[in-house]
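Chemist: Output the structure for:
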Amino acid sequence: MHIAITGNIGAGKTTLAELLAAHYGWEVLFEAVEGNPYLADFYEDMPRWSFNLQIYFLNSRFAQMKKIISRLQLEHATTLVQDRTIYEDAAIFARNLKQSGFMTERDFDTYQDLFTNMMSIVRPPDLMIYLRASLPKLRQQIQKRGRSFEQAIADQYLTNLNKLYEEFADSYALGALLILDMDILDYASRPQDFREVIRLVDMHLRSNE
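Modeler: Presented below is the predicted three-dimensional model:
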C-alpha cells in the first residue's frame, strides 16, 4: 500500500511518518529538504527562485512516485509511507506562489503543463492523511525544529498555505482521506494520542480491504 501524509510546513508530517513506519514496519520516503539547492535562496528571494524550487520539488516527488509504483508492482506486501505528496506541489505551493505574485503566469503555466503530463502515470495513495494545524501550532513547530531558513517565513505565507490546504482537503476525491487535528493531538509526546492515530489509521485501512 501507499500511505501519504500531507500538511503545511511544520505540521508534523515527518514525525508521523517515522512513528507509523516504526509501528507498522513500513518504509518512509522523505521530502527532499536536506541538500535542496534552492530552499534557502527561495526564502531569501521568493520571486527569483519560486519556479526553480517548485520544479526541483516536482521532479523529486515524481521520482518518488515512480519508485512507489515500481515497488508496489514488484512487492505486493510492501507498504510505503510518503512525507508530502506530488498533489500539494501544484494544488497548494505553486498555486500560492502564483496567487501571491511570486511566480509569473508564464512560469505557472509551464509548471502546470509539466504536472499534468506527470499525472498520466501517477496513481493516488491508498490513504491520504491530512495534518490540519493552526498558525500558532505551525509557528511553534517551526521554531522547535530550528531550521534557520524557515524562521523568517511570513505569517501571511503560512496562512495562505493553510487556506489552500483546506480547499484541497475539501475537494479531495481520489481516495480515502483521514484528517488529524494537530492543535489537539501530540502524538510525538503523548502515547495515548499516537494510539488514537493508530486506531483511526487501522479503521481506514480495514475499510479499503
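
Chemist: ok, Asp170 - how many residues close by?
Modeler: By other CB atoms under 10 Å, 9 other residues sit near Asp170. From N, CA and C alone the C-beta is placed, and that goes for glycine too.

Chemist: what does Glu44 give?
Modeler: Neighbours of Glu44 under the rule other CB under 10 Å: 11.

Chemist: Quick check: next helix or strand after the biggest helix by length in the chain?
Modeler: Ranked by residue count under DSSP state H, the longest helix found in the chain is helix 46-74. Proceeding N to C from helix 46-74, the next assigned helix or strand is strand 80-83, under DSSP states H and E.

Chemist: tell me, how many neighbours does the closest residue to Thr78 other than its chain neighbours end up with?
Modeler: Leaving out its chain neighbours, the residue that sits closest to Thr78 by CB to CB, 6 or more residues apart in numbering is Arg71, at 5.6 Å. Residues within reach of Arg71, counting by other CB under 10 Å, total 16.

Chemist: any idea how far Lys137 is from the residue nearest in space to the middle of the chain?
Modeler: Centroid-nearest residue in the chain: Arg84, 2.3 Å away (criterion: CA atoms, centre = their mean). Distance, Arg84 to Lys137, using CB to CB, to the nearest Å: 17 Å.

Chemist: Settle this for me: Leu177 is touching Leu131, isn't it.
Modeler: No - using CB atoms under 8 Å, Leu177 makes no contact with Leu131, being 11.8 Å away.

Chemist: For these two, work out which one has more neighbours and name it.
Modeler: Neighbours per residue (other CB under 10 Å) separate Leu177 from Leu131, with Leu131 holding more: 22 against 17.

Chemist: Identify the residues contacting the more buried one.
Modeler: Residues in contact with Leu131 (CB atoms under 8 Å, 6 or more residues apart in numbering) are 5-8, 11-13, 16, 180, 182.

Chemist: Mind listing the residues bridging to it?
Modeler: Gly7, Leu180 (DSSP bridges).

Chemist: What's the separation between it and Ile92?
Modeler: To Ile92, Leu131 is 13 Å away according to CB to CB.

Chemist: And Gln192, by the same measure?
Modeler: Plainly put, Gln192 is 31 Å away from Ile92 if you go by CB to CB.

Chemist: which of those two has more neighbours?
Modeler: Counted by other CB under 10 Å, Gln192 and Ile92 do not tie: Ile92 has more neighbours, with 21 against 9.

Chemist: With adjacent residues omitted, what lies nearest to that one?
Modeler: Using CB to CB, 6+ apart, the closest residue to Ile92 is Leu164 (4.4 Å).

Chemist: so which helix or strand takes in that neighbour?
Modeler: Secondary structure (DSSP H and E) places Leu164 in helix 155-171.

Chemist: sec struct for Met128, please.
Modeler: strand (DSSP: H, G, I helix; E, B strand; the rest coil).

Chemist: neighbours of it, just the number please.
Modeler: Met128, neighbours per other CB under 10 Å, totals 24.

Chemist: With Arg123 instead?
Modeler: 13.

Chemist: which ones are touching Ala3?
Modeler: For residue 3 the amino acid is Ile, not Ala. 20, 26, 79-82, 125-127, 129, 201.
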